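In: okay, here's the prediction I keep looking at, along with the sequence it came from:
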Amino acid sequence: MKFKKRSSPKPDLTDRERQLRAHLWNDPGIVERLFSDSEWKSYTDDVSQSAIPTERMSVDLQQAIATDSQNKIRSIRRMHRRQQLARYAIAAAVLLFCGVFSWRVWLGSSPDIQTANHVAEVMPPPDTSSTVLENTSKESQHFTLPDGSSVTLYAQAKLSYPATFSPSSRELHLEGKAYFDVAKDAARPFSVYAGATKTTALGTSFTINTSEKNNRTSVILHSGKVAVAPIAMQTAMARTILSNKGERILFDAAFQVIAHQTPSVQKTIKEEVAKVDKAAAKVFLEMDNIPLAQVMTQLGHAYGKAIHFGEPSLQQIHYTGTVDLSKEKLHDVLAIICLINDLRYVEQQDGSYLLLRQAKPNESETSNTNDTLDQ
């Protein structure tokens, strides 16, 4: 069955009627599917004899329209989901890139220790032309490296390094236990490969021991800062910065940290207090009714001068007083002691001092006469 487009003016239709007409125009075969040829042939213009089957057609058209609408809604939803997933994928890729970039930057140049090289995934093999230091004795041995750094190899320890360090790095391989005192060189980080780890420093001192029990490795910091990291990236051990004197990290062959010890703050405070007390003791010298022999011994140690007595009886004189070593000169202190005890002192040509009793007028003349005779 075919329909012909008529050119007569269109009557005013509602939106629902326009929708039905458009659907019918796009799919005219719906009429043939709904009504057989016998039904069409039995149709007459007499309404009383044959009712127009508009209700059936209307229901079918409405169902078709509803199905089309649902299909359009599903298509739009699928499109929105794809767009949303695409946005999520782009955001995840950007975050992943930023995370990897930030991690590599942090790994390569930490604010705590600036180093030009980051940890490699595989330990670089020693140079075939490298220098090998091996201590086969039972005593520790001391060596000086080409860059001016020093290393102490303990018994059965072995160290290898290039005959000439490169302009950008100083890399060494250690087996056993060694103490390093690194010469500062900001352009060439000092890296020690030991026990499948890499310890990096610019200028510091530390000890590495790969001979711990149960295949464990330890790193102890003595001064400065070092970064300790595993060579293999697929490990749970994180890059660790040692920055406190005496700080120690111990880990096993599987890079499980067994211990990470930091010096106690309380212990540090006590050490500082002891230093202050010791310094204060050196500043003030207190003497309470002690023989003059002890007084002069303490003054001699404090000022680094030798003080002698002209006669032994002077050593039994007792003295009480306090000396501020940071402000008072030795000759001023001796002048006060001599004034109180009716003594005098003479500075010798060798820088030492001689304590004498105050000379009486006749003794002074006799002394001058003797000095003249001696000359």
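Out: Thanks, I have the structure now.

In: count of residues packed around Ile290?
Out: Neighbour count for Ile290, taken as other C-beta atoms under 10 Å: 15. In this view, the C-beta of every residue, glycine as well, is placed from N, C-alpha and C.

In: can you check the one 3 residues further on too?
Out: Residues lying near Ala293 (other C-beta under 10 Å) number 14.

In: pLDDT score assigned to the closest residue to it other than its chain neighbours?
Out: Computed as C-beta to C-beta, 6 or more residues apart in numbering, the closest residue to Ala293 that is not its neighbour in sequence is Gln315, at 3.8 Å. With respect to pLDDT, Gln315 scores 85.

In: may I have the phi/psi pair for Gln315?
Out: Torsion angles at Gln315 (phi, psi; degrees, to the nearest 10) stand at phi -70, psi -20.

In: switch to numbering from 706
Out: Sounds good: first residue 706 from here, last item Gln1020.

In: residues touching it, list them.
Out: Residues near Gln1020 by C-beta atoms under 8 Å, 6 or more residues apart in numbering: 996-998, 1014.

In: could you rerun that using 10 Å?
Out: Shown in contact with Gln1020 (C-beta atoms under 10 Å, 6 or more residues apart in numbering): 996-1001, 1014, 1060.

In: before we move on, what about Ala1011?
Out: 1001, 1005, 1053, 1055-1059.

In: before we move on, back to that, could I get the contacts of Gln1020 in TSV, plus columns for pLDDT and distance to Val931?
Out: Shown next, in TSV, are the contacts of Gln1020 (pLDDT from 0 to 100; distance: C-beta to C-beta, whole Å):
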residue	pLDDT	distance to Val931
Pro996	89	55
Leu997	87	55
Ala998	88	53
Gln999	88	49
Val1000	87	50
Met1001	89	50
Phe1014	89	57
Leu1060	89	57
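
In: which of these fall within helices?
Out: Among these, the members falling in helices (DSSP state H) are 997-1001.

In: what about burial for those, which qualify?
Out: 997, 1000-1001 (16 or more other C-beta atoms under 10 Å).

In: which of the residues you listed lies closest to Ser842?
Out: Met1001 (49.8 Å; C-beta to C-beta).

In: number of nearby residues for the residue lying closest to that closest one once chain neighbours are set aside?
Out: Nearest-residue entry for Met1001: Ile1012, 4.1 Å, with adjacent residues in sequence omitted and distances by C-beta to C-beta, 6+ apart. Neighbours of Ile1012 under the rule other C-beta under 10 Å: 20.

In: so Ile1012 sits against Gly1005, correct?
Out: Yes. Counting by C-beta atoms under 10 Å, Ile1012 touches Gly1005, with 5.0 Å between them.

In: coming back round to it: biggest separation within the contacts of Ala1011, which pair?
Out: Met1001 and Asp1055 (16.2 Å).

In: OK, contacts around Lys950?
Out: 910, 925-929, 968, 973.

In: care to break the protein down by domain?
Out: 723-813, 836-968, 974-1079 (automatic domain parsing).

In: identify the bridge partners of Asp1029.
Out: Phe989 (DSSP bridges).

In: quick one: it from Leu990, how far?
Out: 8 Å (C-beta to C-beta, to the nearest Å).

In: neighbour count: these two, which is higher?
Out: Neighbours were counted for Asp1029 and for Leu990 using other C-beta under 10 Å; Leu990 has more, 19 against 10.

In: if we ignore the residues flanking it in sequence, what's nearest that one?
Out: Using C-beta to C-beta, 6+ apart, the closest residue to Leu990 is Val1028 (4.3 Å).

In: again, but for Ile1022
Out: Leu997 (4.4 Å).

In: my guess is the one you found contacts Tyr1024, does it?
Out: Yes. Here Leu997 reaches Tyr1024: they are 5.6 Å apart, a contact under C-beta under 10 Å.

In: can you check which residues contact both of these two?
Out: 1042, 1046.

In: any weak-confidence spans in this protein?
Out: Along the chain, segments meeting pLDDT under 70 span 706-718, 721-722, 725, 728-767, 769-770, 808-833, 907, 938-941, 969-987, 1065-1080.

In: helices of that one, start to end?
Out: So, for the chain - with DSSP H - the helices run 720-731, 734-739, 742-747, 759-813, 970-988, 997-1008, 1035-1045, 1066-1079.

In: picking that back up, list buried residues within the contacts of Ala1011.
Out: 1001, 1005, 1058.

In: can you list those in TSV and add distance to Thr841?
Out: Shown next, in TSV, are the buried ones among the contacts of Ala1011 (distance: C-beta to C-beta, whole Å):
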residue	distance to Thr841
Met1001	55
Gly1005	50
Tyr1058	57
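
In: of all those, which comes closest to Phe806?
Out: Among the buried ones among the contacts of Ala1011, and counting by C-beta to C-beta, the member closest to Phe806 is Gly1005, at 67.6 Å.

In: was I right about that closest one contacting Gly1056?
Out: No. Applying C-beta under 10 Å as the test, Gly1005 and Gly1056 come out as separate, 11.4 Å apart.

In: where along the stretch 806-955 of the chain do the strands fall?
Out: Assigned by DSSP state E, counting those that start in this stretch, the stretch 806-955 of the chain shows strands spanning 836-839, 846-849, 855-858, 863-866, 875-880, 882-886, 895-899, 902-906, 910-917, 921-928, 931-935, 945-947, 953-956.

In: roughly how far does the residue nearest to Ile1022 sit from Lys1010?
Out: 15 Å.

In: and what of Arg726?
Out: From Arg726 to Lys1010 the distance is 125 Å (C-beta to C-beta).

In: same check on Phe895?
Out: 46 Å.

In: cool, Glu844 as well?
Out: 42 Å.

In: neighbour count: those two, which is higher?
Out: The neighbour comparison of Glu844 against Lys1010 (other C-beta under 10 Å) goes to Lys1010, with 17 against 7.

In: before we move on, back to that, out of the domains of the chain, deepest packed?
Out: Among the domains of the chain, domain 836-968 has the highest mean neighbour count (mean count of other C-beta atoms under 10 Å), at a mean of 17.
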